[in-house]
Each structure stands twice: as structure tokens, then as C-alpha cells.
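need a structure here:
(one chain, ligands or ions: 3)
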Amino acid sequence: MILELDCGNSFIKWRVLELSEATVRAEGIAGSDIALIDSLVALPGLLLTRCRLVSVRALEETDKLIAALVAAFGVAVSCATSAQEMGGVRNGYEDFQRLGMDRWLAMLGAFKLASGACLVLDFGTAATADFIGPDGGHLGGFICPGMPLMRNQLRTHTRKIRYDDAAAERAVERLSPGRTTVEAVERGCTLMLRGFVLTQLELARGYWGEDFTVFLTGGDADLVRDAAPQARLVPDLVFVGLAMACPLS
Ligand SMILES: Nc1ncnc2c1ncn2[C@@H]1O[C@H](COP(=O)(O)OP(=O)(O)O)[C@@H](O)[C@H]1O
Ligand SMILES: CC(C)(COP(=O)(O)O)[C@@H](O)C(=O)NCCC(=O)O
Ligand SMILES: [K+]
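Numbering: from 1, shown residues only. Ligands and ions are numbered 1, 2, ... in the order given. Model prediction:
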């Protein structure tokens, strides 16, 4: 079995594939290295042979996780690394190694699935947009604070914005003007993200008319779905690119 990991700034997304790579046997989201290993150890019949991962975390943090995986499961771990060109996509950054690896892999996955121009929107800790032309040329992208950062900035830098996660979830069932603090903040930040989506769509139309595919991914993609009804929601887009960047045979 193959273990795949996407280590974001907030969460580690993981899944276990059968060796054929065709079936997902188990998957989940972990808040820490220890929580990840606990979840994996609890899986009945787990027999890991390989592991591939992508990380946007600091090198030391990633190395620590790799060491823990080797110690717990004795697996060989491959880590996706930057490239100037792969899968027909050309990295558009001035210094290609500076582009976040999760963005790069999501772009590889998107271009593979679309075989044409695409706009990739990822809503995690940060919200990111990346533009890939019909010839695979990456035009560049944008990085903004995502939902967790916007919410936490308000909580941290004001005296009177305090509420719990359950209230936050209920608040975004509708998006009319809020009548409580939690509604006002959660709906306000959600509308900011939707505004971000609309601006990116407008830019993409300027480049390619209607001839492009929009991809939505990341833990908060559902929050903006209505703003881009034409978009393909692909929660595992980074994993599609990871398989391309770290082939196992
Ligand atoms: N099962 C889940 N566990 C934790 N967060 C989740 C879950 N489903 C959706 N989310 C949302 O995903 C967001 C984090 O997105 P994610 O793509 O994992 O970020 P990152 O890659 O930066 O770690 C959180 O703001 C949270 O609201
Ligand atoms: C932009 C990001 C912080 C997004 O991270 P995430 O929200 O997925 O945790 C990450 O891709 C990153 O650290 N990128 C490096 C800077 C750049 O892409 O220019
Ligand atoms: K991510």
C-alpha cells in the first residue's frame, strides 16, 4: 500500500492507496504528526510499502515527520521537489523554487485533467489562484489570507470578537447581513473569498474568453462554490499532481 501526504500549513491530508494506485483504501485529515501516525496505526491490515509526500512546511518540520514515518512503518519516503517544467506545465516564477509545492502540484493535476487553459483556486490557510495558459505556460498567481487567517486576525486583534467553531459553522448556512458577531464575521469573510473568486474569473476571461477550466480545491472550497458554479471541485487535486511528480515505478 502507498501512503500519500499533503502537509499544508494547518493540516496534513493523508490517504492510503492500494499498490495498483486505483483504489483509495483510507483517507483523513490530521492536525499533527502524532495524530497522523495514531490514525494510521489504527487502520486494520495496514501494510505500507511506499510513501510520497508534499509539504509547504519548514524543512526541519518535514524531516521530522519523515523520520517519524520511517520509524513507525519502515517505509521509503519520496518528497516532491520543484521543477521548471513537468507534465507540459512551465513554472512561471522568476525563481521556480519559490513557488509553493502545493500550488505546483495542483497546477500539474489541473493541466492534466483539463488539457487546456486553467484557473486553479485553492482555499486552505491561504487562498491562492494560479493561471495556466493553453500551452501549459504558468502566468503566475495570487496569494491572500484564507478563511482561517482572516477569522483569526479578527479574533486576535479585536477585544469583542469571540465565538466557537460550532457557531461559526452554523453562521454560514445563509449569507444575509449578520445579526450576531459570529454571523457578521463568518459571512463577511466568506463574501471576501467569493469576491476573490469573482475577480480571478474576470481576469481569466480577459486572457482566454470562456475557454478555460476552473478548479476548486482546499479545505474551504465549499464556501466559495456558489461563486463559480462552472468550476470543477477536485478535493484531491494536489494528490493528482503528487502522483505525477513522484511516480513509484
Ligand atoms: N475535516 C476537516 N478538518 C479540518 N478542517 C477542515 C475539514 N474540512 C474542511 N476543513 C477546512 O479546511 C480549512 C483548511 O484547509 P486545508 O486545505 O487543509 O489547509 P492547509 O492546506 O493550509 O493546511 C480549515 O479552515 C477548515 O475550515
Ligand atoms: C501560499 C502557501 C502559503 C499556501 O499554503 P496553504 O494555504 O496550502 O497551507 C504555500 O503555497 C507557500 O508557502 N508558498 C510559498 C510562497 C509562494 O508560493 O510564492
Ligand atoms: K494546501
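
Other residues contacting stretch 17-28?
The contact list for stretch 17-28 (CB atoms under 8 Å, 6 or more residues apart in numbering) reads 1, 2, 4, 13, 14, 15, 16, 39, 43, 49, 243, 248. Every residue, glycine included, has its C-beta placed from N, CA and C.

Near the last one, how many other residues are there?
Yep, that's residue 248 we're talking about. 14 (other CB atoms under 10 Å).

Buried ones from the contacts of stretch 17-28, can you make that a ChimeraX selection?
Burial among those is assessed by 16 or more other CB atoms under 10 Å; the matching ChimeraX selection reads:
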select :1,2,4,13,14,15,16,39,243
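
between the contacts of stretch 17-28, which is closest to residue 79?
Among the contacts of stretch 17-28, residue 4 lies closest to residue 79 (CB to CB), at 11.8 Å.

Next step: the contacts of stretch 17-28 restricted to helices.
In helices, judged by DSSP state H, the following of these are found: 39, 243.

any idea how far the most centrally placed residue in the chain lies from ligand 2?
In the chain, the residue lying closest to the centroid (CA atoms, centre = their mean) is residue 218, at 3.8 Å. Distance, residue 218 to ligand 2, by CB to the nearest ligand atom, to the nearest Å: 7 Å.

which parts of the protein sit against ligand 1?
Residues of the chain lying close to ligand 1 by CB under 6 Å from any ligand atom are 8, 9, 10, 11, 29, 124, 125, 147, 148, 218, 219, 220.

Now for those: which two are most distant?
Checking those with CB to CB, the most distant pair is 29 and 147, at 15.1 Å.

just the contacts of stretch 17-28 now: which is nearest ligand 1?
residue 13 (6.0 Å; CB to the nearest ligand atom).

gap between that closest one and residue 24?
12 Å (CB to CB, to the nearest Å).

joint contacts of these two?
Contacts common to residue 13 and residue 24, judged by CB under 8 Å, 6+ apart, are absent.

tell me which element residue 238 falls in.
Element membership of residue 238, judged by DSSP states H and E, is helix 237-245.

just to revisit the earlier point, compare residue 29 and residue 147 (neighbour count), which wins?
Remark: of residue 29 and residue 147, residue 147 carries more neighbours, 24 against 15, as counted by other CB under 10 Å.

Who are the contact partners of the closest residue in space to the more buried one that isn't next to it in sequence?
Using CB to CB, 6 or more residues apart in numbering and skipping the chain neighbours, the partner closest in space to residue 147 is residue 220 (4.7 Å). Residue 220 sits next to 123, 124, 127, 146, 147, 148, 193 when contact means CB under 8 Å, 6+ apart.

Dump the C-alpha coordinates for stretch 129-140 into PDB.
The C-alpha coordinates for stretch 129-140 follow below in PDB (Å, rounded to 0.1, in the frame of the first residue of the first chain):
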ATOM      1  CA  ALA A 129      -5.000  31.500  -7.600                       C
ATOM      2  CA  ASP A 130      -2.800  30.200 -10.400                       C
ATOM      3  CA  PHE A 131      -3.200  30.800 -14.100                       C
ATOM      4  CA  ILE A 132      -2.000  28.200 -16.700                       C
ATOM      5  CA  GLY A 133      -2.400  29.000 -20.400                       C
ATOM      6  CA  PRO A 134      -3.500  26.600 -23.100                       C
ATOM      7  CA  ASP A 135       0.200  25.800 -23.900                       C
ATOM      8  CA  GLY A 136       1.000  25.000 -20.300                       C
ATOM      9  CA  GLY A 137       2.700  28.300 -19.500                       C
ATOM     10  CA  HIS A 138       2.100  29.400 -15.900                       C
ATOM     11  CA  LEU A 139       1.300  33.100 -16.000                       C
ATOM     12  CA  GLY A 140       1.700  33.400 -12.200                       C
END
